[in-house]
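Participant: missing the sequence, but the structure's below:
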């Protein structure tokens, strides 16, 4: 184990803040990602909170502001949702190959993982607080205690989601992950889980929910996690600038074989994930072994979990020599992915949804 | 005027059924498209209905099935929504350049138009019928009297939308378009208008609404309007096959200058539309004059209408000689368009959302 309960194989981009992802071969092994393999994305030191001292404040445009202890939160209905989280920086490494993105981690395909989250519905807690359906209730802001030096001046992490999303039955205040209490690194004692939205909105160590007219003014909502045009300074972005990321756009990755592999002659098994958030689902995954001239449809695996990724697989006969594998997914609205990372490059390196590409060499038979 | 109240300039793909679109230069002139310029997409002969004899049957999973006359429908609250409709075959011509699509019209950029629709909310009518929120209520099917020979055997046109969409305040049973009663060609006396969905779901001459567990089994819902893989026979598609189209994916087109134009030296004004349906909005429009190496952000025009297109414009200085103009749009989730029509080719030629491309020649100064 490396630090924070993670497997030795993890690719650690930074130790402080702790940012790590599983290599593709480990990630593809299971539909539900073990906690030891689940990516970690942090913006500051991981706080250690005493569950007995923890409380959640619920205020803003509500008629009955609340302060809930962990026991009081756990008195709400318990709900388990199998959901994928995906970092907005997932697959940034391929954007960096187009043009450098200083100061941001070169995430590969592994800043995406799936867990069984258990907690109370955020909507139930809001109802208990007497949600006021007045114009003052447009967003729910989340505040956490982990102070980030990425903001200037440094500030605790936070974010928000639109109220309509916050009330979705899939949005949780979770205390357990894969059937066990949350680990410290994953937000113990309680975190927000917003399935279908970029991971940044699933705020860990949450301490306060505020119902308010506008999105959070926290740095990580107002300035970071925005797609701005290539010539814009992202540190100067603010409300109204660029595209503030929320629902995750359709994406896919090849997890096996690995980029640069040498494979024996014979049939080659190929597998990976596809994922889309918002109100959409993955409809089809195509694989090409000839640079995109022709495509075969991959087999889609377990499809029972509305908020989880689709693990796909196929196998192909490849002649001896070098090959390029390409994968692309379609969602149920008919959206498909842009071909190249160059088309998507942006100054902070978010939302690389281009076709994934893996180069392999197959031995002669 | 050509037939059906359309301008002489319309590009008529077929006279029976009547299928016509405005040339780009006409379409770009106004935010709200005049009826004489609005595209016409039909699957059979245009019926002539007597408004005094017309009625709307509302049945299925409702507790109080209704039959409404036009006067009874017009007794509901009147609502006006400015909404764009877009044919799923819009921009098919560029897919046909990749590989022929026999039996389908080669729509250009003009199978998209915007109108001010006035009618009753579909949701209000469903409420009056005592909508039963039981498992039997998943979709609302629309039936019309226009018989299409495209189905085998021929059948009247129909379709459906999910109940959650049908209840949206933007979905209308409309009797007026741009402040005047619907024309015969646009569905008089009453049509469905489903903003954000492919035009095929905005069923004209509607006579019956049925609340039912599954999507409509009409040919145009169950078989047509699906993206199937290139090697699949689309006439054999059915429920569960391919991607059944509903919410419109982000798209953009250059309307001026026209493809193949010769332009005088000096500053070149460029304009067009961008559009996305579902729950998304257009966030940014980029124009390239160097084949996609660099992009400028176009100015976005009137943005007050949630369900309408965005008309964008910019102007550039171009040296004398040939130039390729490219446009692409981003939606507010960060989705952007695939680069090439080849990536999107499908047997029925739907949903060409690739970057639009216009070739021009600028005179030497």
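Facilitator: Arrived safely, thanks for sending. These figures come from a predicted structure and were not determined experimentally.
Participant: which parts of stretch A:12-30 are buried?
Facilitator: Using 16 or more other Cβ atoms under 10 Å in any protein chain shown as the test for burial, stretch A:12-30 gives A:13, A:17, A:18, A:19, A:20, A:21, A:22, A:23, A:24, A:26, A:27, A:28. (Each C-beta comes from the backbone N, C-alpha and C, glycine too.)
Participant: can you put these in CSV and add distance to residue A:144?
Facilitator: Below are the buried residues of stretch A:12-30 laid out as CSV (distance: Cβ to Cβ, whole Å):
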residue, distance to residue A:144
A:13, 21
A:17, 13
A:18, 15
A:19, 16
A:20, 19
A:21, 21
A:22, 24
A:23, 29
A:24, 30
A:26, 28
A:27, 26
A:28, 31
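Participant: what's the most distant pair in those residues?
Facilitator: Of all pairs drawn from the buried residues of stretch A:12-30, the greatest distance, 26.4 Å, lies between A:17 and A:28 (Cβ to Cβ).
Participant: For beta bridges, what are the partners of the closest residue to residue A:128 other than its chain neighbours?
Facilitator: Leaving aside its chain neighbours, residue A:128 sits nearest to residue A:66 (6.5 Å; criterion: Cβ to Cβ, 6 or more residues apart in numbering or on different chains). Under the criterion DSSP bridges, residue A:66 forms beta bridges with residue A:58.
Participant: Residue A:66 reaches residue A:58, doesn't it?
Facilitator: Yes - assessed by Cβ atoms under 8 Å, residue A:66 is found in contact with residue A:58 at 4.3 Å.
Participant: if you count what's nearby, which of the two comes out ahead?
Facilitator: Using other Cβ atoms under 10 Å in any protein chain shown, the more surrounded residue of residue A:66 and residue A:58 is residue A:58, with 23 against 18.
Participant: how close does the more buried one get to residue B:43?
Facilitator: Per Cβ to Cβ, to the nearest Å, residue A:58 is found 53 Å from residue B:43.
Participant: so what sits against both of residue A:66 and residue A:58?
Facilitator: A:125, A:128, A:129 (Cβ atoms under 8 Å, 6 or more residues apart in numbering or on different chains).
Participant: among those residues, who's most crowded?
Facilitator: Counting neighbours by other Cβ under 10 Å, residue A:125 leads these with 24 neighbours.
Participant: that's a strand at it, yeah?
Facilitator: No - under DSSP: H, G, I helix; E, B strand; the rest coil, residue A:125 falls outside any strand and is assigned helix.
Participant: now do the same end-to-end measure for stretch A:284-293.
Facilitator: Using Cα to Cα, to the nearest Å, one end of stretch A:284-293 lies 17 Å from the other.
Participant: Tell me the gap between that stretch and the middle of its chain.
Facilitator: Put simply, stretch A:284-293 sits 25 Å off its chain's centre (Cα atoms, centre = their mean, to the nearest Å).
Participant: in that stretch, what's buried?
Facilitator: Using 16+ other Cβ under 10 Å as the burial criterion, the residues of stretch A:284-293 that qualify are A:284, A:285, A:286, A:287, A:288, A:289, A:292.
Participant: now swap in stretch A:41-49 and tell me
Facilitator: By neighbour count on 16+ other Cβ under 10 Å, the buried set for stretch A:41-49 is A:41, A:42, A:43, A:44, A:46, A:47, A:49.
Participant: before we move on, what about stretch A:316-325?
Facilitator: Buried positions in stretch A:316-325, judged by neighbour count with 16+ other Cβ under 10 Å: A:318, A:323, A:325.
Participant: Let me know the closest of these to residue A:102.
Facilitator: Nearest to residue A:102 out of those is residue A:325 (Cβ to Cβ; 30.1 Å).
Participant: wait, isn't that closest one in contact with residue A:355?
Facilitator: No - judged on Cβ under 8 Å, residue A:325 makes no contact with residue A:355 at a distance of 10.1 Å.
Participant: Farthest pair within the buried residues of stretch A:284-293?
Facilitator: It's A:284 and A:289 that sit farthest apart of those, by Cβ to Cβ, at 17.2 Å.
Participant: Work out the gap between the strand or helix carrying residue A:114 and the centre of the chain.
Facilitator: Per DSSP states H and E, residue A:114 falls inside strand A:112-121. Its chain's C-alpha centre and that of strand A:112-121 lie 12 Å apart, by Cα atoms, centre = their mean.
Participant: which of the shared contacts of residue A:66 and residue A:58 lies closest to residue B:261?
Facilitator: For these, the residue nearest residue B:261 by Cβ to Cβ is residue A:125; the value is 59.5 Å.
Participant: Just list the residues touching that closest one, thanks.
Facilitator: Applying Cβ under 8 Å, 6+ apart to residue A:125 gives the contacts A:56, A:58, A:66, A:68, A:73, A:76, A:173, A:209.
Participant: gap between it and residue A:208?
Facilitator: 12 Å.
Participant: and for these two, which residues touch both?
Facilitator: A:56, A:58.
Participant: Break chain A down into its structural domains.
Facilitator: A:3-244, A:251-362 (automatic domain parsing).
Participant: Tell me, how many residues neighbour the residue in the stretch 1-150 of chain A that chain B sits nearest to?
Facilitator: Here the stretch 1-150 of chain A gets closest to chain B at one residue, residue A:88, 8.4 Å apart by Cβ to the nearest Cβ. Look at residue A:88: counted by other Cβ under 10 Å, it has 26 neighbours.
Participant: Quick check, it in contact with residue A:346.
Facilitator: No - look at residue A:88 against residue A:346 with Cβ under 8 Å: they stay out of range, at 10.5 Å.
Participant: The buried residues of stretch A:316-325 in helices, which ones?
Facilitator: Among these, the subset assigned to helices under DSSP state H is empty.
Participant: which ones are touching the closest residue to residue A:339 other than its chain neighbours?
Facilitator: Excluding its sequence neighbours, the residue lying closest to residue A:339 (Cβ to Cβ, 6+ apart) is residue B:339, at 4.9 Å. Taking Cβ under 8 Å, 6+ apart, we find residue B:339 in contact with A:338, A:339, A:340, A:343, B:292, B:354, B:355.
Participant: okay, who's weakest in the residues you listed by pLDDT?
Facilitator: Lowest pLDDT within the contacts of residue B:339 is found at residue B:292 (92).
Participant: What sits closest to that residue if chain neighbours are left out?
Facilitator: In space, and not counting its chain neighbours, residue B:292 is closest to residue B:326: 5.6 Å by Cβ to Cβ, 6+ apart.
Participant: What about the one you found, how many residues nearby?
Facilitator: 20.
Participant: Does residue A:64 touch residue A:129 like I think?
Facilitator: Yes - assessed by Cβ under 8 Å, residue A:64 is found in contact with residue A:129 at 5.4 Å.
Participant: Now find how far off-centre the lowest-mean-pLDDT helix or strand in chain A is within its chain.
Facilitator: Ranking every helix and strand in chain A by mean pLDDT, DSSP states H and E puts helix A:24-27 at the bottom, with a mean of 92. Distance of helix A:24-27 from the chain centroid (Cα atoms, centre = their mean) equals 16 Å.
Participant: Just the local confidence number for the closest residue to residue A:301 other than its chain neighbours, please.
Facilitator: Nearest non-adjacent residue to residue A:301, counting by Cβ to Cβ, 6+ apart: residue A:311, 4.4 Å away. At residue A:311, the pLDDT value in this model is 97.
Participant: Residue A:311 is in contact with residue A:270, isn't it?
Facilitator: No - with contact defined as Cβ under 8 Å, residue A:311 does not reach residue A:270; the gap is 11.9 Å.
Participant: how about the residue of the stretch 1-150 of chain A closest to chain B, secondary structure?
Facilitator: Per three-state DSSP, the local secondary structure of residue A:88 is coil.
Participant: Next, the contact list for residue A:235, please.
Facilitator: If you count contacts by Cβ under 8 Å, 6+ apart, residue A:235 has them with A:152, A:223.
Participant: can you give me phi and psi for it?
Facilitator: Per-residue torsions, residue A:235: phi -70, psi -10 (degrees, to the nearest 10).
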